[in-house]
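J.: take a look and give me a structure for this.
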Amino acid sequence: MGPRTLLPNPASMEWTLLCLLVPAILLPVVLLFGFAGCDRFYGVDPVGVPPTAPVMLTGRPLSSSSIVLSWQTTDPASVRFQINRADEGGTFAKVTDQATGQSFTDTGLTEGTIYLYVVIAINDASDLSDQSNVATVSLVFKTAYSAALTDDAPDMEGYCLVQTIKAHDFNDPNNPANLANETGTILRLSLLGSLAAPLQIDHVYISQTALVSPVNPNPDPWDSASDLKLVASNVALAAGAVRILDTISYLLDPTRDLIVAFDINATPGSGNLRLASITGPAAYLRADTAQAAVQDRLPDYDASPDQLYLIGKIEVL
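T.: Residues are numbered from 1 along each chain as shown. Prediction:
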């Protein structure tokens, strides 16, 4: 029998090729995905790539103790956001690093304080972006109107009182009889009661004065616009008291005349008002009427020009 020729084992050749090819394929893949941020799957830990910083950060008061922030981001790697806050002149400190979406409401704040904010994006690997622009938000109330009430008006039980205040006078900007040139989205009203006896108010509403419209083609000066909004209900003032009502969300436009309407309680002895004679404001009164919540009010209100009732101060944020 002659010499035999040994043929390669096919299975052995396949394993040899596999051993050569696998490292050649895996090494570039590991390097590629490592630099793409997926290193932790392969036990590699190079420097991460941070997300893009948020932009267009803005903030506004939501109440006298809360602020809502909003921003924009187009980086899909941003999975959460860090909110840093500082008092004016203070040092930034982290509020949270778990904010999601593109807005955040900061609560438990202090009225009368100016706050500064920045937002930082965080990706899935906890890499931090650069900070956003700085947003400054004030919780310091601005006085849109104030007056000193000097006289008492008793026996006004059951009246609807519609008090008007003229818009800001840009030709006479310091005229105290008109609204100041202040605007805001949060409003607070302070009322002054009679010095002699108590006052009970069923409802307080606020609005701009009505303009001509298809719904009300001939508005009376005591009619309200469509922005009519409830300020408070069941307001009690002891004799000589000042009552600061809770804040409401309301856009004050100083270029429009303002209405504050009151339904005075009809119980005997509860209709004691405070007023002053001031050139500019006008009051309109109707007995046995409760129409503070009505836009197009009944006719025949009695006009009381140059009279201001109940309102000591209007403030806005």
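J.: partner strands of the top strand by length along the chain, with direction?
T.: The longest strand of the chain (DSSP state E) is strand 273-286. As defined by DSSP bridges, the strand partners of strand 273-286 come to strand 151-153 (antiparallel), strand 160-165 (antiparallel), strand 302-309 (antiparallel).
J.: can you pull the buried residues of that strand?
T.: 273-276, 278, 281-286 (16 or more other C-beta atoms under 10 Å). Heads up, the C-betas are built off the backbone N, CA and C, glycines and all.
J.: the nearest residue to residue 283 once chain neighbours are set aside - how many residues pack around it?
T.: Setting aside the residues directly before and after it, residue 283 is nearest to residue 304 in space (C-beta to C-beta, 6 or more residues apart in numbering), at 4.2 Å. Applying other C-beta atoms under 10 Å, we find 19 residues neighbouring residue 304.
J.: and the gap between residue 304 and residue 286?
T.: 11 Å (C-beta to C-beta, to the nearest Å).
J.: what does residue 132 give?
T.: Distance of residue 132 to residue 286, given as C-beta to C-beta: 54 Å.
J.: can you pull the pLDDT of residue 180?
T.: According to the prediction, residue 180 has pLDDT 96.
J.: please list all residues in contact with it.
T.: Residue 180 sits next to 142-145, 168, 254 when contact means C-beta atoms under 8 Å, 6 or more residues apart in numbering.
J.: could you do residue 232 as well?
T.: The contact partners of residue 232, by C-beta under 8 Å, 6+ apart, come to 189, 201, 203-204, 245-246.
J.: tell me which of the strands paired with strand 273-286 sits nearest to residue 224.
T.: With C-beta to C-beta as the measure, strand 160-165 is the member of the strands paired with strand 273-286 nearest residue 224 (8.2 Å).
J.: buried set for the helix or strand just after the closest one?
T.: Of the helices and strands lying after strand 160-165 in sequence (DSSP states H and E), the nearest is strand 184-192. Buried residues in strand 184-192, defined by neighbour count with 16+ other C-beta under 10 Å: 184, 186-189, 191-192.
J.: wait, which of the residues you listed is closest to residue 125?
T.: Residue 125 lies nearest to residue 186 out of these, by C-beta to C-beta, at 40.0 Å.
J.: report the beta-bridge partners for residue 209.
T.: residue 224.
J.: most tightly surrounded among the strands paired with strand 273-286?
T.: Mean neighbour count, computed with mean count of other C-beta atoms under 10 Å, is highest for strand 160-165 among the strands paired with strand 273-286, reaching a mean of 24.
J.: got a list of what residue 299 touches?
T.: Residue 299 neighbours (C-beta under 8 Å, 6+ apart): residue 220.
J.: sorry, slip of the keys, the one I care about is residue 105.
T.: Counting by C-beta under 8 Å, 6+ apart, residue 105 touches 62, 66-69.
J.: mind checking which of the residues you listed are in strands?
T.: 62, 66-69.
J.: tell me the one of the residues you listed nearest residue 241?
T.: Closest to residue 241, out of all of the ones in strands among the contacts of residue 105 and judged by C-beta to C-beta, is residue 66, at 27.8 Å.
J.: is it true that residue 201 touches residue 261?
T.: No. Between residue 201 and residue 261 there is no contact under C-beta atoms under 8 Å: 10.4 Å.
J.: counting neighbours, what do you get for residue 71?
T.: Residue 71: 25 neighbours (other C-beta under 10 Å).
J.: quick one: neighbours of residue 313, just the number.
T.: 17.
J.: check contacts around it.
T.: Residue 313 neighbours (C-beta under 8 Å, 6+ apart): 143, 145-147, 189-190.
J.: let's see it at 6 Å
T.: 146, 190 (C-beta atoms under 6 Å, 6 or more residues apart in numbering).
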